[in-house]
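[1] sequence unavailable; structure follows:
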């Protein structure tokens with residue numbers, strides 16, 4: 001099990017009291033890492049503290065499978081961290097991640113809803129995603145200005161190849177980059193109406209109306 005951004009609270013100890021074979025904590029804040037050094041002394045090889053930026057660390061290289069990532073993510077880097085992990089979701093058994101509530105809603109949003117967007121497609125294309133817990137600001141000290149939510153993600157058995165994941169990133173960035181535009185205009189740099197015609201998708205639709213399956217079809221055509 002890998003814990004990212006554990007901080008000095010009790011989450012790390014709670015994980016060590018679980019049935020996890022080992023807990024590896026990734027922490028960039030020196031103040032928090034100092035608070036965790038005592039755990040390394042008490043738990044020996046079962047606990048490992050890695051000092052560094054999780055955005056630049058190959059998490060799968062830290063621990064053998066099965067791997068879970070449990071994280072109270074810094075909200076300013078939560079989205080890029082998640083997208084990076086989704087790109088290698090085949091290496092993980094699951095993720096339990098805390099986000100700002102607005103981001104959690106985007107991850108789990110359904111087509112046609114206001115929150116549905118690029119993050120929804122990437123997350124649900126690679127994983128089963130659900131909000132498992134909601135937390136008000138009062139649950140934290142000091143209190144943040146926003147509500148939070150915990151999202152559970154379980155990777156699908158079959159994962160896209162890196163080249164296909166990259167194609168989906170390009171596709172969703174273009175499709176949702178200009179939400180008000182019809183797809184024939186939003187996707188013009190990627191083939192526009194011609195790409196949509198091959199996929200059997202009406203060119204006057206907008207990105208938020210497409211299902212995950214339709215995005216998958218477009219990404220595969222884009223890659224081909």
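    Arrived safely. Predicted model only: the values in this text are computed from it and were never measured.
[2] which residues touch the residue nearest the centre of the chain?
    Among the residues of the chain, residue 82 comes closest to the average C-alpha position under CA atoms, centre = their mean, at 2.7 Å. By CB atoms under 8 Å, 6 or more residues apart in numbering, the contact list for residue 82 reads 73, 97, 107, 119, 123. C-beta here means a position set from N, CA and C on the backbone, and glycine is covered the same way.
[3] where exactly do the strands run in the protein?
    2-4, 23-27, 47-51, 68-72, 94-100, 127-135, 148-155 (DSSP state E).
[4] what's the closest of those strands to residue 188?
    Checking the strands of the chain against residue 188 by CB to CB gives strand 127-135 as the closest, at 30.1 Å.
[5] packing partners for the closest one?
    Counting contacts by 3 or more CB pairs under 8 Å, 6 or more residues apart in numbering; DSSP states H and E, strand 127-135 is packed against strand 94-100, helix 101-108, strand 148-155.
[6] which parts of it are buried?
    Buried residues in strand 127-135, counting neighbours by 16 or more other CB atoms under 10 Å, are found at 127, 129.
[7] I'd say residue 119 and residue 104 touch.
    No: in terms of CB atoms under 8 Å, residue 119 does not count as a neighbour of residue 104; the distance is 10.0 Å.
[8] was I right to think residue 59 contacts residue 2?
    Yes: at 5.5 Å, residue 59 counts as touching residue 2 under the criterion of CB under 8 Å.
[9] list the contacts of residue 184.
    192-193, 196, 203-204.
[10] domains in the protein, by residue range?
    What automatic domain parsing lists as the domains of the chain is 2-155, 162-223.
[11] mean confidence for the last one?
    This points to domain 162-223. The average pLDDT within domain 162-223 is 97.
[12] output the longest helix belonging to this structure.
    Counting by DSSP state H, the longest helix found in the chain is helix 162-177.
[13] which parts of it are buried?
    Result for helix 162-177 [16+ other CB under 10 Å]: buried residues 164-165, 167-169, 171-172, 174-176.
[14] and the two most separated of those residues?
    Longest span within these, CB to CB: 164 and 176, 18.2 Å.
[15] okay, now the unreliable bits of this protein?
    For the chain, the stretches with pLDDT under 70 are 5-10, 33-35, 40-41.
[16] which of the contacts of residue 82 tops the neighbour count?
    Of all these, residue 107 has the most neighbours under the rule other CB atoms under 10 Å, reaching 26 neighbours.
[17] return the residues in contact with that one.
    Contacts of residue 107 (CB under 8 Å, 6+ apart): 82, 99, 119-120, 123-124, 129, 151, 153.
[18] which one of those is nearest residue 49?
    Nearest to residue 49 out of the contacts of residue 107 is residue 82 (CB to CB; 22.7 Å).
[19] contacts for stretch 121-137, please.
    Contacts for stretch 121-137 (CB under 8 Å, 6+ apart): 82-83, 86, 89, 95-96, 98, 101, 104-105, 107-108, 143-156, 159-160, 165, 168-169, 172, 212, 215-216.
[20] now restrict the residues you listed to buried residues only.
    Among the contacts of stretch 121-137, those buried by neighbour count (16+ other CB under 10 Å) are 82-83, 86, 89, 95-96, 98, 101, 104-105, 107-108, 148-153, 155, 159-160, 165, 168-169, 172, 212, 215-216.
[21] with that, I have no additional questions.
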